[in-house]
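Enquirer: take a look and give me a structure for this.
(2 chains)
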Protein chains: 2
Amino acid sequence: MARARDRKTRKTDTLAMLATPALDAWVATASAAGAPHMVPLSLVWVDERVVISVESASVTARNLTASGQARLAVGPTRDVVMIDALLDKAVDVTADDALAATYAAQADWDPRRSAGYVFLVLRPVRVQAWREADETAGRTLMRDGTWLV
Amino acid sequence: MARARDRKTRKTDTLAMLATPALDAWVATASAAGAPHMVPLSLVWVDERVVISVESASVTARNLTASGQARLAVGPTRDVVMIDALLDKAVDVTADDALAATYAAQADWDPRRSAGYVFLVLRPVRVQAWREADETAGRTLMRDGTWLV
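Expert: Residues are numbered from 1 along each chain as shown, chains lettered A, B, ... in the order given. Next up, the predicted model:
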């Protein structure tokens, strides 16, 4: 097994992972009644924000608009980046050409070609990264919206 | 791209995936206040039940004990099995030798070797499986706890 990475290395690895083209994430949200939801979605990392795109009528959009909270996972289960994020803004996909162009270039699809999609721009407040149990210590890279390294 | 699988094939693929040794799942739960949580955990499939093991003080255990609900994802983001499940029972890892032996044999670790772990036995109520967008139709394999195929 590789040695546990230090925080600096994990931040470098995390930012590299988040910049991967056509990156998928697991996006967990919850209803006000406490029902968990989770779906795989494309994730685009722009200016220290996570951007996802979903149908505005989807469970994810409704949960996030109501609660403002999401927890996202990127990477395989033994090389994970976990992001707790708050909703910064919801933007109609036709309302911000720069954002839409960046999203389409980095993701593998363009939501402007489908009806009823919205961009959800999320602000990370906590970021954690670990591979195996030996990386449990030192896994928190961002806390309260501030990088620790 | 491969042709969309029919439901029968997806059920066969799903059961094969669930029987994989050392299988990991993403497990999403929520607090009563609607805060989403999600972590990667070993998943063991026993007698049509999902079994996970966590520390009894963990957020996952607390959420599941309170709400009784979880949503689990197995497989990569483009070959997913999604399971909505209800808590059947929580069992101390030292209280059911048969379950513990089955879990340890199928997972890659034995929670009896650590302090404070519990088995959470979950009953699937909805199972969905899809790879790409062409498999959105026909993705529901179990509804209200009953296999549709």
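
Enquirer: got the residues of chain A near chain B?
Expert: Chain A comes close to chain B at residues A:24-26, A:28-40, A:63, A:66-67, A:69-71, A:73, A:76-78, A:80, A:82, as judged by Cβ under 8 Å from any Cβ of the partner chain. All C-beta spots, glycine's among them, are computed from the backbone N, C-alpha and C.

Enquirer: over to stretch A:52-59 now: how far is its first residue from its last?
Expert: Using Cα to Cα, to the nearest Å, one end of stretch A:52-59 lies 14 Å from the other.

Enquirer: what do you get for stretch A:57-71?
Expert: Using Cα to Cα, the end-to-end distance of stretch A:57-71 comes out at 19 Å.

Enquirer: for it, buried residues please.
Expert: Residues of stretch A:57-71 classed as buried: A:58-64, A:67, A:69-71 (neighbour count, 16 or more other Cβ atoms under 10 Å in any protein chain shown).

Enquirer: circling back to that earlier point, ok, of the residues of chain A next to chain B, which come out buried?
Expert: Neighbour-count burial (16+ other Cβ under 10 Å) applied to these gives A:24-26, A:28-31, A:34-40, A:63, A:67, A:69-71, A:73, A:77, A:80, A:82.

Enquirer: partner strands of the helix or strand containing residue A:72, parallel or antiparallel?
Expert: Residue A:72 is part of strand A:69-74 when elements are defined by DSSP states H and E. When pairing is defined by DSSP bridges, strand A:69-74 lines up against strand A:24-30 (antiparallel), strand A:80-92 (antiparallel).

Enquirer: for the helix of greatest length in chain A, packing partners?
Expert: Using DSSP state H to define each element, chain A has its longest helix at helix A:7-18. Applying 3 or more Cβ pairs under 8 Å, 6 or more residues apart in numbering or on different chains; DSSP states H and E, we find helix A:7-18 packed against strand A:80-92, strand A:117-130, strand A:140-143.

Enquirer: of those strands, flag the one that's most buried.
Expert: Across the helices and strands packed on helix A:7-18, averaging neighbours per residue (mean count of other Cβ atoms under 10 Å in any protein chain shown) puts strand A:117-130 on top, at a mean of 21.

Enquirer: before we move on, back to that, so which of the strands paired with strand A:69-74 gets nearest residue B:128?
Expert: Closest approach to residue B:128 among these (Cβ to Cβ): strand A:24-30, 14.4 Å.

Enquirer: quick one: mean pLDDT for that closest one?
Expert: The predicted model assigns strand A:24-30 a mean pLDDT of 98.

Enquirer: same check, this time on stretch A:68-80
Expert: 96.

Enquirer: contacts for that stretch, please.
Expert: Under the criterion Cβ atoms under 8 Å, 6 or more residues apart in numbering or on different chains, residues A:17-18, A:23-30, A:43, A:50, A:60, A:63-64, A:81-87, A:122, A:128-132, B:24-26, B:28, B:34-38, B:40, B:76 lie in contact with stretch A:68-80.

Enquirer: show the end-to-end separation of that stretch, please.
Expert: Using Cα to Cα, the end-to-end distance of stretch A:68-80 comes to 23 Å.

Enquirer: repeat that for stretch A:61-81.
Expert: End-to-end distance of stretch A:61-81: 22 Å, with Cα to Cα as the criterion.

Enquirer: low-confidence ranges, chain A, go.
Expert: With pLDDT under 70 as the threshold, chain A has low-confidence stretches at A:1.

Enquirer: let's see it at 80
Expert: Residues of chain A meeting the criterion pLDDT under 80: A:1-2.

Enquirer: can you tell me the closest non-neighbouring residue to residue A:35?
Expert: In this structure, residue A:35 finds its nearest non-sequential neighbour in residue B:69, 5.9 Å apart by Cβ to Cβ, 6 or more residues apart in numbering or on different chains.

Enquirer: against residue B:111, how distant is residue A:137?
Expert: Residue A:137 sits 20 Å away from residue B:111, going by Cβ to Cβ, to the nearest Å.

Enquirer: neighbour count winner among the two?
Expert: Set residue A:137 next to residue B:111 and count neighbours by other Cβ atoms under 10 Å in any protein chain shown: residue B:111 wins out with 21 against 9.
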